[in-house]
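A.B. asks: structure for the following, please:
(chains A and B)
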Protein chains: 2
Amino acid sequence: MKTLWDKRYALRTQRMKGSAIRELLKFSEIPNMISFAGGLPAPEVFPIEKFKEACITVLEENGPQSLQYGSTDGYLPLREMIAKHSARYGIEVTAENIIITSGSQQALDLLGKVFINPGDHVLVESPTYLGALQAWKAYQAEFLSVPLDNDGIITDALEERLRAGPKFIYVLPNFQNPTGVTLSYERRLHLIELADKYGVPIIEDDPYGQLRYEGEHLSPAVVLDSQTRVQKSCYSGNVIYLSTFSKILAPGIRVAWVIAPPEIISKLNLAKQGADLHTASFNQMVVHEIGRYGFLDSHVKLIRNVYKERRDVMFDTLEEHMPEEVIWTHPQGGLFLWATLPEYIDTNELLKEAVKTNVAFVPGNSFFPQGGGKNTMRLNFSYPIPEKTNDGIGRLAKVIKQSLVKKRRG
Amino acid sequence: MKTLWDKRYALRTQRMKGSAIRELLKFSEIPNMISFAGGLPAPEVFPIEKFKEACITVLEENGPQSLQYGSTDGYLPLREMIAKHSARYGIEVTAENIIITSGSQQALDLLGKVFINPGDHVLVESPTYLGALQAWKAYQAEFLSVPLDNDGIITDALEERLRAGPKFIYVLPNFQNPTGVTLSYERRLHLIELADKYGVPIIEDDPYGQLRYEGEHLSPAVVLDSQTRVQKSCYSGNVIYLSTFSKILAPGIRVAWVIAPPEIISKLNLAKQGADLHTASFNQMVVHEIGRYGFLDSHVKLIRNVYKERRDVMFDTLEEHMPEEVIWTHPQGGLFLWATLPEYIDTNELLKEAVKTNVAFVPGNSFFPQGGGKNTMRLNFSYPIPEKTNDGIGRLAKVIKQSLVKKRRG
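C.D. replies: As a prediction, the model looks like this:
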């Protein structure tokens, strides 16, 4: 349709690209499709009854407030609850350090709006979370990247990139999306040391930190950075920390948070005023109602049990079915693992074959800010029930084997 | 606190200014303060029982879907419901023309992201909605403005501004925020004619369209534009139309929508993916559940009755108490009216005096993109109950009289 809007798009709009993952999510809606593509929590662990109770309580006790406009930084009791919860993990902050966002995706967008000038460089892991690339491309960021291995971002390769003067470093230290790997303790310290040496601050994105199924909890960068300071117990402010209720409660309510120095919170506040005024009051109050008496502690244990089982089923079936040319990561938590195929296999091509047998995954290529990774894929283990994983990995292995044979013959 | 983030803000951040209104909202929280400052719906008309029923139904019947990630463009049955509802007002569109946003504020932000390059000119009414200025300043828009009178934007003054080649025209034709005035039918046609002549498209923001307390409904610009085309019944696409559930249901759930050509919807979709992935699934499904059997029709009638009464009380008390030097608009709907004082009165100064007697309003100055209007104020009549309006306008009139006397003496 020809309209007066034609040719009026901003330059940045031409750079906007849809997320391959969100395109792939539609596979999960096809009947009989077994999808390892999404990043969806298991609907079986959503505490529906708790939500019902909380909705009723909030509406009965605070109906008018919950349906009214609210403050941009968020519902104070929820921010206080988050501060209290954070202290248990060594993040010593108050409600002043916290702003509620409409999912962590909005946190990434607002940080982009507040910090990124066109042409600014942002240092990311390679591969990294696609949504961050997408959010910051809209502000015309350029990306510098450092590869990662089984211990997370390779900090020895960091120094050279830091010399280029990036605006900030973006890391997902726990059970990274897309690879599932965790940044080792030594590398966390090294990261902090280098960031400090070059004066480059860090954004630490931690949606999965509580979903650890084995091994020991590692202090987040935000805590380690504070511990290297003179005032050891205080939040240093060099690390902006993001987390969310999406993975420990439910993503469909869009409630997440940012921890930052008060000066930055006030800038994020201004940006958020223009972006959506505030996150839904009702949702914030419902989350607070669900969380205030400690329900999340027991609920997270339940999620851990369910996801650990699903992960282990995936480990076992991969072990059983995959040809020896395929290797994969062994995440200690989170939602994803990462498989690497022989270099002559293109997982974008492979996906077309896989979909024909009703199985889907995300080709790894789009997670690489500078391209590459054409022989990699991300597999989600939290969403499909064990029987489906069993079936699906079997089918996927078959498609891969056929593809290997074809390539060898070709 | 000194951190590594210091001096790393983007240039646009330095231009971000808080909304004076949101600052003033804190007045409404002071006990005994009578606030005409906010733009708050009356909590007395929130259908709390309906919300309770809908939350329970959604969670019982579609719990997992309502708590899960959803598609960026929004819950299809809700978009279909909006399309059907729009048809009643002559806006002939399908779900393909609709994207759900987290409040209309997000619609303004996303439109800025998709269309505005730094330095682009946007043509607005003067005064206009502050949130639009705030959203688009973040994309470094420059503003051209055209004054309005009791019949809305003065279209005779439009042509000269259109020659400067603005990216688009932004208008609030019904019960405009902040003035309460409505664009007359003749001027609507003139606006369309001029927009067409100069090839400049229109964003029509219509949060209050259904809240008309007297007089006849006027077709929105989006309908009039389509009627001037050959295919009279089709949506022409030249006018992007925004509306929201904030004023007819509740703002605390943050659910609004944009009507645009499918090509633009797909760009907004990309922008929204990066901005917040999607609007809360739960909220969209609850709104759909509340609206699907026609509840909103009767509910809007209730709101109209309550607000009409509150408006009339404000008209009467203004008439009774205000000195003759003060004039005000007589809106046929919406939430606000606009008062103009003698030019030698600065309403920012006046506010300080008013607050001392526990009454608040919004000084008009900040609604003017190019400054001016220092002797104007916006008064909200939807939020305070009639007794409060009576008291509050009495106090305000007293403060104004004192101020007039002082100035005359000075």
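
A.B. asks: got the residues of the stretch 251-400 of chain A near chain B?
C.D. replies: When proximity is defined by Cβ under 8 Å from any Cβ of the partner chain, the stretch 251-400 of chain A lies next to chain B at A:251-254, A:260-264, A:267, A:269-271, A:273-283. For glycine as for every other residue, the C-beta is placed from the backbone atoms N, C-alpha and C.

A.B. asks: and the longest strand seen in chain A with chain B, contact?
C.D. replies: Secondary structure of chain A per DSSP state E: the longest strand is strand A:142-149. No. Strand A:142-149 is not in contact with chain B by Cβ under 8 Å from any Cβ; minimum separation 14.0 Å.

A.B. asks: state the next helix or strand along the chain beyond that strand.
C.D. replies: As assigned by DSSP states H and E, the chain's next helix or strand after strand A:142-149 is strand A:152-153.

A.B. asks: list the neighbouring strands of that following strand plus their orientation.
C.D. replies: According to DSSP bridges, strand A:152-153 has the following sheet partners: strand A:142-149 (antiparallel).

A.B. asks: buried residues of the partner strand, list them for me.
C.D. replies: If you call a residue buried by 16 or more other Cβ atoms under 10 Å in any protein chain shown, then strand A:142-149 has these buried ones: A:142-146, A:148.

A.B. asks: do the same with stretch A:362-370
C.D. replies: Across stretch A:362-370, burial judged by 16+ other Cβ under 10 Å covers A:362-369.

A.B. asks: tell me who's in contact with residue A:170.
C.D. replies: A:122-125, A:128, A:132, A:202-203, A:205 (Cβ atoms under 8 Å, 6 or more residues apart in numbering or on different chains).

A.B. asks: ok, so of these, who is nearest residue A:392?
C.D. replies: Residue A:392 has its nearest neighbour among the contacts of residue A:170 in residue A:128, at 25.7 Å by Cβ to Cβ.

A.B. asks: OK, contacts around the residue lying closest to residue A:142 once chain neighbours are set aside?
C.D. replies: Distances taken as Cβ to Cβ, 6 or more residues apart in numbering or on different chains put residue A:121 closest to residue A:142, at 5.1 Å, once the chain neighbours are dropped. Shown in contact with residue A:121 (Cβ under 8 Å, 6+ apart): A:141-144, A:164-167.

A.B. asks: got the confidence number for residue A:121?
C.D. replies: At residue A:121, the model reports a pLDDT of 98.

A.B. asks: ok, now residue A:29?
C.D. replies: 68.

A.B. asks: then residue A:21?
C.D. replies: Looking at residue A:21, its pLDDT is 63.

A.B. asks: for the one 3 residues further on, same thing?
C.D. replies: The predicted structure scores residue A:24 at 65 on the pLDDT scale.

A.B. asks: looking at chain A, which helix or strand is least sure?
C.D. replies: helix A:20-24 (a mean of 65; mean pLDDT, DSSP states H and E).

A.B. asks: check the gap between residue A:188 and residue A:257 for me.
C.D. replies: From residue A:188 across to residue A:257, the span is 21 Å (Cβ to Cβ, to the nearest Å).

A.B. asks: repeat that for residue A:278.
C.D. replies: 13 Å.

A.B. asks: pull the contacting residues for the closest residue to residue A:295 other than its chain neighbours.
C.D. replies: Closest residue to residue A:295 apart from its sequence neighbours, by Cβ to Cβ, 6+ apart: residue A:50 at 6.3 Å. Residue A:50 makes contact with A:290, A:295, A:299, according to Cβ under 8 Å, 6+ apart.

A.B. asks: out of these, who has the most neighbours?
C.D. replies: Neighbour counts for the contacts of residue A:50 (other Cβ atoms under 10 Å in any protein chain shown) peak at residue A:290, which has 23 neighbours.

A.B. asks: where do the helices sit along chain A?
C.D. replies: A:11-15, A:20-24, A:48-67, A:76-87, A:103-115, A:130-137, A:158-162, A:185-198, A:221-227, A:262-276, A:281-291, A:295-321, A:347-356, A:386-409 (DSSP state H).

A.B. asks: most tightly packed of those?
C.D. replies: Stretch with highest mean neighbour count among those: helix A:103-115 (a mean of 27; mean count of other Cβ atoms under 10 Å in any protein chain shown).

A.B. asks: which helices and strands sit right next to that one?
C.D. replies: Helix A:103-115 sits against helix A:130-137, strand A:202-205, strand A:239-244, strand A:256-259, helix A:262-276, helix B:11-15, helix B:262-276, with contacts defined as 3 or more Cβ pairs under 8 Å, 6 or more residues apart in numbering or on different chains; DSSP states H and E.

A.B. asks: weakest of these in terms of mean pLDDT?
C.D. replies: helix B:11-15 (a mean of 85).

A.B. asks: would you put the C-alpha positions of that one in CSV?
C.D. replies: Provided in CSV are the C-alpha atoms of helix B:11-15 (Å, rounded to 0.1, in the frame of the first residue of the first chain):
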residue,chain,number,x,y,z
LEU,B,11,24.5,13.1,24.1
ARG,B,12,20.7,12.5,24.0
THR,B,13,20.7,11.9,27.7
GLN,B,14,21.8,15.4,28.4
ARG,B,15,18.6,16.6,26.6
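
A.B. asks: outside of that helix, which residues touch it?
C.D. replies: Contacts of helix B:11-15 (Cβ under 8 Å, 6+ apart): A:113-115, A:117, A:267, A:270-271, B:137-140.

A.B. asks: chain center to stretch A:115-135, what's the gap?
C.D. replies: With Cα atoms, centre = their mean, to the nearest Å as the basis, stretch A:115-135 stands 13 Å off its chain's centre.

A.B. asks: kindly report the same for stretch A:194-201.
C.D. replies: 23 Å.

A.B. asks: likewise for stretch A:45-61?
C.D. replies: Distance of stretch A:45-61 from its chain centroid, counting by Cα atoms, centre = their mean, is 26 Å.

A.B. asks: could you give the mean pLDDT of that stretch?
C.D. replies: 98.

A.B. asks: got any residues that touch both of residue A:278 and residue A:257?
C.D. replies: In contact with both residue A:278 and residue A:257: A:74, A:100, using Cβ under 8 Å, 6+ apart.
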